[in-house]
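> Sequence and predicted structure, then a few things I'm wondering about:
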Amino acid sequence: MSHHIEEMKAAHRLLAEFTYERYPVQRGYTNRTLYINLSDSTIASKPVSEEMKEKFTGGKGFGLWLLWHGIRDTTKWNDPENEIIISAGPIGGITTYPGTGKSLVVSLSPLTDSVMDCNVGGYFGPYLKFAGWDALEIQGKAEKDVIIFIDGDTGRITIEEAPLEPVDTHLLTDILVQMYGGDDHHARRAISTVTAGSGAEHTRFGCLNFSWYDLRRRAARVKQAGRGGIGTVFRDKRIKALVVKFSDLKADSNGPADLARLQRVGTKMHKEIHDYDDQQCGMRRHGTAYLVGIMNDYDLLPVHNFRYGSHPDGHKIDVRVWDARFTQGVPDGCWYGCTLSCSHAVDGFTLRTGPYKGQKVIVDGPEYENAAGLGANCGIFDPDYILEANFYCDTYALDTISIGTSIAFAMECYEMGIIDKRATGGLDLRFGNAEAAIEVIHQMGRGEGFGTIIGQGVRRMKKIFVEQYGADPKILQDIGMEAKGLEFSQYMPKESLAQQAGYGMASKGPQHDEAWLIFMDMVNNQIPTMEDKAEALHYFPIWRTWFGLCGLCKLPWNDIVPPDNALTDEPTKIPEHVRNYVEIFSAVTGRQVTSEDLLLMSERVYNFQRVFNLRMGFGTREHDKIPYRAQGPVTVEEYESRAERYDKQLKALGYDVEKMSTPEKVAALRAYREKQYEELMDAVYARRGWTRNGVPKVETLQRLGIDYPDVVEIVRRAGG
Amino acid sequence: MKILATRPERCTGCGACEIECARTWFKVDDKEKSRIRIFPPAKEGQPFRIVVCNQNGACIDVCPTVALKRAKNGVVQLNKSLCVGCLSCVGFCPNQAMFYHPDYTEPFKCVACGKCVEVCPEDALYIAEVAEAPASVTDTWLQKEAI
Amino acid sequence: MTVVAGQSPTIVVNGTRELPWTQGMTVRDVLRLCNFTYSLIIVTVNGRIVPKEEFDTFPVPPEAEVRVIHLIAGG
């Protein structure tokens, strides 16, 4: 350990200590959760009831359940009683199947003021469980910056005041891994940290970085719990870092009921990836970055704040460019045994700007969302800029999705003359200006300038632009790509009605992790009727919720498929992989389940989250609406760029387009598309067992077994 | 470097090698715990299939804990204390020559010890001297770090 | 379906997209015309699944109903 790390360690002041006996994990659960209150330095163990396991499964389910009981209806994101909960779920931490090390993070969001959840890689969630805890629940606020250290090797937890360490992730993670792991690299991989950064302190979309250890590079690397600003909550609580240590990881650390069964299904899956990933998605070769070119080809890559779906310069940031930049030569998984290995990095990247200018760093990624959001959506097709911005977003702890969509919105407002250089502090914020964009990011790190306005997110920017610059609220509503207060992720939904609803009706806001239906709907034409779309919008969000209950990644479900998948009854559901998950859940927990059982687990939690939104004052039909930019062409310019497509739709509706002006056509198309969206909402609510106002019916709660008195009361008040 | 090489056309499928291997490494007479496996011919007239590691080292780069390394004698060895039992190497072995058994959390493989050669009645197995394998990507990284 | 004399034949992709049929047209040609660059797809021609290895050679007859199912669904 270097001298300066010794010095930082020596400056720690112990605020609280808690020792416990570490029991082995039994069938995926430790049956205890860890409660920490930073206001009064409480550390306590709470039991996990059978009811909690049966009804909420784990992961996000546990997070929602604990938060529900931890806060009041009136709690705001920055009140001390708001919580951050991290849980791995019962499968989380097995090593024998790809994509099984996810942590689920739940909190009240500074962007949406409602409940938020994130799914993130890295070692923290599994190590937390193996250290003895099914979940970590943090409440209260510290007076000064603290580190919480959970030592699973000795059964000791400490809250330590930590004044000297820097907060930015790339520095802090490296320091902590050495401070708590020592000099041996294999000892360092027993450490996982959760950190934020300076940007999380000055914006509402701070993310959390979860670390894992790269034994080839011999460096800690990070994955992001990106959405909804939980990093901002983290810094508001004055948490500098969470550190967990667990040294004895083995294939049976999760206490599976039937290890042989896990080994069988796991080796089958590893072989499938070995045999087919190369010819399918190439996740091992280049991760999700391969999607940039694909999305550009299908007119789905957001360009210029979602005006367009493709750009002639798209190829400048497509997979060929990233392939040439990725340096390791060996695919990386963010958890042991993930052979799909989508993590990639660029080594020895020399930073050209900002406080770390001149440093050679490892840049994790870029992932698709980063290249699309920071790049194409802002009209910047410069790989060096994307890498620089990607690095700084990670170390400052800024969600690359929210920041991409927010900068793109500000750029469009600037180009439309809604804001000018006086508003931006002199920044020439036109599309494509990489220099201005990187300065905005640094301003977020420093907490100054127009960057902190953009850092409020699109919803609050709209309000500020109306109040301070007299902007027309209608146009801002049309082009501001947020719903529920959360910025859209980077897929163009304009031509897919089902995807519009997939975004608009998602519990936490417009993120694609519930339903990505664009191909199924727009390209394949597999779900032509409202009922078909509603069924997809019922099944896929429910199915995908299950990954978040169990500590899983969704990629090994459908970013790789068995060779005979095409011959199955429902190829889009990847039936063989669903059977794999049935096997894994049964093998870990010893409960012999069916695929229907998995869906029931999810449907419960999905409905519970909807009621949670209701409880916080949201969760009804009006909150499922989306800006028209997500549904169709807002401007004449947008219409004319794809006139053939839009004219064709109007003709099919019986319009005589030859006799119409473009503004008339824009209006006619808009009226039709908005009506369609309303019709689809009706169909989806009906399929989900909700009222026309989007409220789960009491009978739905009864069927699901979550008709607890307080839950029913909230639904009744809302007319369920 | 030395590897265990085969002459499948001589193999009669007696299984003596499998038993000897399991005895040597696991002290049991269970073929399922052998690091060499004999499979009957797929079609009549074809030879038995002898599946055993040829030390090509493909597994080294897929191991998340760098528990698989090429030893000085060229043989790929598993350091069990580092292994977390993910079995990625089992699925990624191009010869399907990395094995596992539910009694153990770690997989196992041939280290060219030659015990099976001694018991093969048909001379279908032998220790061969082959050219050194090229360095794995992992080795290259670790050397880079050492400098 | 039959080819009506005097009218140039077409094919239909995914039920909605009509493309002109050309002599010697293969599955690969259809994918190129539609700019379908995504790799996880299932292709059927008049209901019959075409193996990936045959995309370059499999003939698409006039008036064919071609389906190109892109597999990323639900996310």
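Looks like it came in fine. Predicted model only: the values in this text are computed from it and were never measured. Residues are numbered from 1 along each chain as shown, chains lettered A, B, ... in the order given.
> Do I have it right that A:Gly379 meets A:Glu412?
No - at 9.8 Å, A:Gly379 does not count as touching A:Glu412 under the criterion of C-beta atoms under 8 Å. Quick note: C-beta positions are derived from backbone N, CA and C, even for glycine.
> Specify which residue of these two has the higher count of neighbours.
A:Glu412 (26 against 23; other C-beta atoms under 10 Å in any protein chain shown).
> any residues in contact with both of A:Gly379 and A:Glu412?
Shared contacts of A:Gly379 and A:Glu412, defined by C-beta atoms under 8 Å, 6 or more residues apart in numbering or on different chains, comprise A:His304, A:Phe431.
> So what's the residue count around the residue in chain C that chain B sits nearest to?
Going by C-beta to the nearest C-beta, chain B is nearest to C:Leu40 of chain C, at 20.0 Å. C:Leu40 has 20 neighbours, counted by other C-beta under 10 Å.
> Give me the phi and psi for it.
phi -90, psi 80 (degrees, to the nearest 10).
> so who does the closest residue to it other than its chain neighbours touch?
Computed as C-beta to C-beta, 6 or more residues apart in numbering or on different chains, the closest residue to C:Leu40 that is not its neighbour in sequence is C:Leu71, at 4.1 Å. C:Leu71 makes contacts with A:Phe519, A:Asn558, A:Val561, A:Asn565, A:Pro571, A:Thr572, A:Ile574, C:Leu40, C:Ile41, C:Ile42, as judged by C-beta under 8 Å, 6+ apart.
> Looking at pLDDT only, which of those scores worst?
Ranked by pLDDT, the contacts of C:Leu71 bottom out at C:Leu40 (86).
> who are the neighbours in contact with the most centrally placed residue in chain C?
Centroid-nearest residue in chain C, with C-alpha atoms, centre = their mean: C:Val66, separated by 3.8 Å. Going by C-beta under 8 Å, 6+ apart, C:Val66 touches C:Ile11, C:Val12, C:Val13, C:Asn14, C:Val27, C:Val30, C:Val43, C:Thr44, C:Val45, C:Val60.
> Give me the three-state assignment for the second one.
Read it as C:Val12. strand (DSSP: H, G, I helix; E, B strand; the rest coil).
> Tell me the spacing between the closest residue to A:Phe391 other than its chain neighbours and chain C.
Beyond its immediate neighbours in the sequence, the residue positioned closest to A:Phe391 (C-beta to C-beta, 6+ apart) is A:Val363, lying 4.6 Å away. Distance, A:Val363 to chain C, by C-beta to the nearest C-beta, to the nearest Å: 26 Å.
> you'd agree A:Val363 is up against A:Cys393?
No - applying C-beta under 8 Å, one finds A:Val363 not in contact with A:Cys393, separated by 10.3 Å.
> Give me the more crowded residue out of the two.
Per other C-beta under 10 Å, whichever of A:Val363 and A:Cys393 has more neighbours is A:Cys393, with 30 against 26.
> For that one, give me the pLDDT.
Reported pLDDT for A:Cys393: 98.
> Show me what the helix or strand hosting it is packed against.
Assigned by DSSP states H and E, A:Cys393 falls within helix A:383-396. Judged by 3 or more C-beta pairs under 8 Å, 6 or more residues apart in numbering or on different chains; DSSP states H and E, the packing partners of helix A:383-396 are helix A:169-181, helix A:198-202, helix A:319-325, strand A:345-350, strand A:360-364, helix A:368-370, helix A:400-415, helix A:434-446.
> show me where chain C has strands.
With strands called from DSSP state E, chain C shows them at C:10-13, C:17-20, C:41-45, C:48-50, C:65-70.
> who does the third one pair up with?
Just to be clear, that refers to strand C:41-45. strand C:48-50 (antiparallel), strand C:65-70 (antiparallel) (DSSP bridges).
> Of all the ones you listed, which one is nearest A:Ile148?
Nearest to A:Ile148 among the strands paired with strand C:41-45 is strand C:65-70; the distance by C-beta to C-beta comes to 44.8 Å.
> Only the buried residues of that closest one, if you could.
C:Val66, C:Arg67, C:Val68, C:Ile69, C:His70 (16 or more other C-beta atoms under 10 Å in any protein chain shown).
> try stretch B:16-36
Those buried within stretch B:16-36 under the rule 16+ other C-beta under 10 Å are B:16-23, B:25-26, B:33-36.
> Turn the contacts of C:Val66 into CSV, including neighbour count and distance to A:Asn370.
Converted to CSV, these look like this (neighbours: other C-beta atoms under 10 Å in any protein chain shown; distance: C-beta to C-beta, whole Å):
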residue, neighbour count, distance to A:Asn370
C:Ile11, 23, 39
C:Val12, 15, 38
C:Val13, 22, 33
C:Asn14, 18, 31
C:Val27, 23, 34
C:Val30, 23, 33
C:Val43, 24, 32
C:Thr44, 16, 36
C:Val45, 21, 38
C:Val60, 24, 39
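> Run the chain-centre distance for the host helix or strand of A:Gly61.
Following DSSP H and E, one finds A:Gly61 within helix A:60-70. Helix A:60-70 sits 18 Å away from the centroid of its parent chain (C-alpha atoms, centre = their mean, to the nearest Å).
> after that helix comes which helix or strand?
Using DSSP H and E, the first helix or strand after helix A:60-70 is strand A:84-87.
> Could you list every helix and strand in contact with that following strand?
Against strand A:84-87 (3+ C-beta pairs under 8 Å, 6+ apart) you get helix A:60-70, strand A:103-108, helix A:124-130, strand A:135-139, helix A:230-236.
> Within the sheet, what are the partner strands of that strand, with directions?
strand A:103-108 (antiparallel), strand A:135-139 (antiparallel).
> any residues touching it, and which ones?
A:33, A:58-60, A:62-63, A:66-67, A:103-107, A:124-125, A:128, A:134-138, A:194, A:230, A:233-234, A:237, A:239, A:242, A:551.
> Is the closest residue in space to B:Ala71 that isn't next to it in sequence in a helix, a strand, or coil?
By the measure of C-beta to C-beta, 6+ apart, the closest residue to B:Ala71 outside its immediate chain neighbours is B:Gln77, 4.9 Å from it. The three-state label for B:Gln77, taken from three-state DSSP, comes out as strand.
> one step back: specify which member of the buried residues of stretch B:16-36 is nearest to chain C.
Nearest to chain C among those, with distances taken as C-beta to the nearest C-beta, is B:Ile36, at 34.5 Å.
> that older thread, what is the most widely separated pair among the buried residues of strand C:65-70?
For those, the maximum inter-member distance is 13.3 Å, found between C:Val66 and C:His70 (C-beta to C-beta).
> I figured the residue of chain C closest to chain B hits C:Ile69, correct?
No - using C-beta under 8 Å, C:Leu40 is not in contact with C:Ile69, being 9.2 Å away.
> what about chain C, any weak spots by pLDDT?
C:1-6, C:73-75 (pLDDT under 70).
> Close to chain A: what parts of chain C are there?
Chain C comes close to chain A at residues C:14-16, C:35-40, C:42, C:49, C:52, C:67-75, as judged by C-beta under 8 Å from any C-beta of the partner chain.
> This completes my enquiry, with thanks.
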